[in-house]
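Asker: what shape does this take:
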Amino acid sequence: MVDVDTRSTNAEGIAAAKETLEDYTLRFAPRSYRKWSPAVVGISALGGIAYLADFAIGANIGIAHGTGNALLGIAIFSIVVMLTGFPLAYYAARYNIDLDLITRGSGFGYYGSVVTNIVFASFTFIFFALEGSIMAQGLELGLGIPLWLGYLLSTVLIFPLVIYGMNTLAKLQVWTTPLWLLLMVLPFGFLVVRHPESVDAFWSYGGKDGAGVSISGTLLAAGVCLSLIAQIAEQIDYLRFMPPRTPENARKWWTWMLLAGPGWVLFGAIKQVVGLFLAVYLIANLPAAQGIANQPVHQFLEIYQDMVPGWLAMTLAVVLVVISQIKINVTNAYSGSLAWTNSYTRVTKTYPGRLVFLGVNLAIALILMEANMFDFLNNILGFYANCGIAWIVTVATDIAINKYVLKISPKVPEFRRGMLYDFNPVGLVGFGLSAVLSIMTFFGLFGELLKPYSPIVAVLVAFVATPLTAILTKGKYYLRRTDDGIELPMFDEHGNPTGETLTCVATGMEFERPDMIASAVPGPAGEIQYISSLALSTDKNGLHLLPRQH
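Answerer: Sure, this is the predicted structure:
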């Protein structure tokens, strides 16, 4: 006879497991599902960076601080993202888990990582709103659609595209990328060839104050760019579907992991530079464009009009904006829905389904758009950058330093409930100190002189506090258990998560070995039973939770 509590656990677990559209929201991506080649996964991930926000960011920081400071700021941003993105992308592709699951075992604990999930979810709706605003500007310019209606259309359009998860997103990203690249590269190439003087104007542009290159100007520019540091989490939402790495595909696996992981920033940096280049050209040659030089839709429209007839230029500009917005906002909406669902289920032990939070994320983004967030973009991104940097640098430091240098943190990432402590001070202290101190610096609480240095404060505090806390706590809050009660090996002969399956006692369904843990409830004959991490996350009373090992 199954008691009521167990039936409740089973019902929640079955509901979660049988939701075919969830795309492995709460657990690692099983081997049986990962049928794409490294190239398809990589192109899909890079399709998610098709956003036009980079053009607006590059234009904004250049107009505010000049070309020299903007370029140096973009360089700092690129270096930080490359260094922090590599360990995260590698762990995602190698162990097939998203950044939340990586964060759990890299210093935060099972519940502690919820705070970073909220940071990431905020990233997705902030940038969804930014891209939706750009699309609405394009629709208003090309079709005369009022901005408020454009905001609504850019939100509603995305919902049906995200419902079907990775299968649909991979096709969308692969098929739209060639046209997007063509439309984006043409104007830049045209200007360089037809108007070579625009290059000299670009290099000599001094921004609003014309003060020249300075440390403060460079760091302020870098701070705005670094708001994009959490983009690696969206790259990882694709990279977790990489196929197993074998001797036969190792070169392609590494190439696409690096290119679509930390390498995304190379494409982002190029777009920021091009955005500034186009803005400077408009400012120098079209006095009437002074107020719109930072808006990507106007940047491209003006250049297209110099290339082709007006009607075609308008068509191309609208098509570019719509394709770019769709390519990135399906990723923003998808990743945001994963983050919200994951956090809610962990805290409440109730599984509402990813589509519920897809709606929540889109609703928040729509409110931001209607509030005209585009007009105070630099302030929003500068503030958010501190939180994003604190999270990403803390996790990357735990992997690179605590796991591989100090050897305090377990090398193999752990994400299953019962194997981890609820909270780990290593990540929470590193993240908390970094976020708080850098935000205080950003708002000038340590003086106006230090204000531009808030991104540097965020990086340095997280980099120092994370290993220091691990040393002080002797790493004893990482693993609640070292034995998951299953004799089958976790990895195959090449070090990939194995595809062997076990039956989940709560759902009666088959799950792959890395997703399973022994249940504390023995079988009818006293035999060991197994439960999936998905079902265990909805176990309200902890019936199946193994005791802590001393």
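
Asker: stretch 137-149: which residues count as buried?
Answerer: Across stretch 137-149, burial judged by 16 or more other C-beta atoms under 10 Å covers 137, 138, 139, 140, 141, 142, 145, 147. No exception for glycine: its C-beta is placed from N, CA and C like everyone else's.

Asker: just put the residues you listed in a markdown table and tack on distance to residue 544, pLDDT and secondary structure.
Answerer: Below are those laid out as a markdown table (distance: C-beta to C-beta, whole Å; pLDDT from 0 to 100; DSSP: H, G, I helix; E, B strand; the rest coil):
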| residue | distance to residue 544 | pLDDT | secondary structure |
| --- | --- | --- | --- |
| 137 | 52 | 84 | helix |
| 138 | 52 | 84 | helix |
| 139 | 51 | 87 | helix |
| 140 | 55 | 88 | helix |
| 141 | 57 | 83 | helix |
| 142 | 56 | 83 | helix |
| 145 | 53 | 91 | coil |
| 147 | 52 | 89 | helix |
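
Asker: nearest to residue 454 among those?
Answerer: Distance to residue 454 across those (C-beta to C-beta) is lowest for residue 137, with 29.5 Å.

Asker: all helices for the stretch 401-550 of the chain, in order.
Answerer: Secondary structure of the stretch 401-550 of the chain (DSSP state H, counting those that start in this stretch): helices at 425-442, 454-473, 533-536.

Asker: the longest one packs against which elements?
Answerer: The criterion is 3 or more C-beta pairs under 8 Å, 6 or more residues apart in numbering; DSSP states H and E, and the helices and strands that helix 454-473 contacts are helix 215-225, helix 377-397, helix 425-442.

Asker: deepest of the helices of the stretch 401-550 of the chain, which one?
Answerer: Among the helices of the stretch 401-550 of the chain, helix 533-536 has the highest mean neighbour count (mean count of other C-beta atoms under 10 Å), at a mean of 27.

Asker: quick revisit: dump the buried residues of stretch 137-149 to a markdown table, plus distance to residue 325.
Answerer: Listed next are those as a markdown table, based on distance: C-beta to C-beta, whole Å:
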| residue | distance to residue 325 |
| --- | --- |
| 137 | 10 |
| 138 | 8 |
| 139 | 10 |
| 140 | 13 |
| 141 | 14 |
| 142 | 13 |
| 145 | 14 |
| 147 | 14 |
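
Asker: which residues of the stretch 101-250 of the chain score low on pLDDT?
Answerer: Residue ranges of the stretch 101-250 of the chain with pLDDT under 70: 162-174.

Asker: any chance you could map the helices in it?
Answerer: Using DSSP H, counting those that start in this stretch, helices in the stretch 101-250 of the chain cover 114-143, 147-156, 158-162, 165-194, 197-204, 215-225, 231-239, 250-260.

Asker: among those, which is nearest residue 422?
Answerer: Of all the helices of the stretch 101-250 of the chain, helix 114-143 sits nearest to residue 422, with 10.2 Å by C-beta to C-beta.

Asker: quick one: buried residues of that closest one?
Answerer: For helix 114-143, by 16+ other C-beta under 10 Å, it's 114-117, 119-142.

Asker: what angle do that helix and helix 425-442 make?
Answerer: 50 degrees (axes from the mean of the first three to the mean of the last three C-alpha atoms, to 10 degrees).

Asker: ok, back up a step: check the helices and strands packed on helix 454-473 for me: which has the lowest mean pLDDT.
Answerer: For those, mean pLDDT drops lowest on helix 377-397, to a mean of 85.

Asker: list the buried ones in that one?
Answerer: By neighbour count on 16+ other C-beta under 10 Å, the buried set for helix 377-397 is 377-378, 380-397.

Asker: isn't residue 122 up against residue 384?
Answerer: Yes: under the criterion of C-beta atoms under 8 Å, residue 122 makes contact with residue 384 at 7.1 Å.

Asker: for residue 446, the count of nearby residues, please.
Answerer: Neighbourhood size, residue 446 [other C-beta atoms under 10 Å]: 15.

Asker: what sits closest to it if chain neighbours are left out?
Answerer: Nearest non-adjacent residue to residue 446, counting by C-beta to C-beta, 6 or more residues apart in numbering: residue 440, 6.4 Å away.

Asker: how far away is that neighbour from residue 459?
Answerer: 15 Å (C-beta to C-beta, to the nearest Å).

Asker: again, but for residue 264
Answerer: Taking C-beta to C-beta, one finds residue 264 at 19 Å from residue 459.

Asker: got it, and residue 410?
Answerer: Residue 410 sits 25 Å away from residue 459, going by C-beta to C-beta.

Asker: got the buried residues for stretch 520-529?
Answerer: So for stretch 520-529, counting by 16+ other C-beta under 10 Å, buried means 520, 529.

Asker: make that stretch 61-80, sorry
Answerer: So, applying 16+ other C-beta under 10 Å, buried residues of stretch 61-80: 61-74, 76-78, 80.

Asker: save the helices and strands packed on helix 454-473 as JSON lines, and put in distance to residue 333 too.
Answerer: Listed next are those as JSON lines, based on distance: least, C-beta to C-beta, whole Å:
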{"stretch": "helix 215-225", "distance to residue 333": "23"}
{"stretch": "helix 377-397", "distance to residue 333": "18"}
{"stretch": "helix 425-442", "distance to residue 333": "25"}
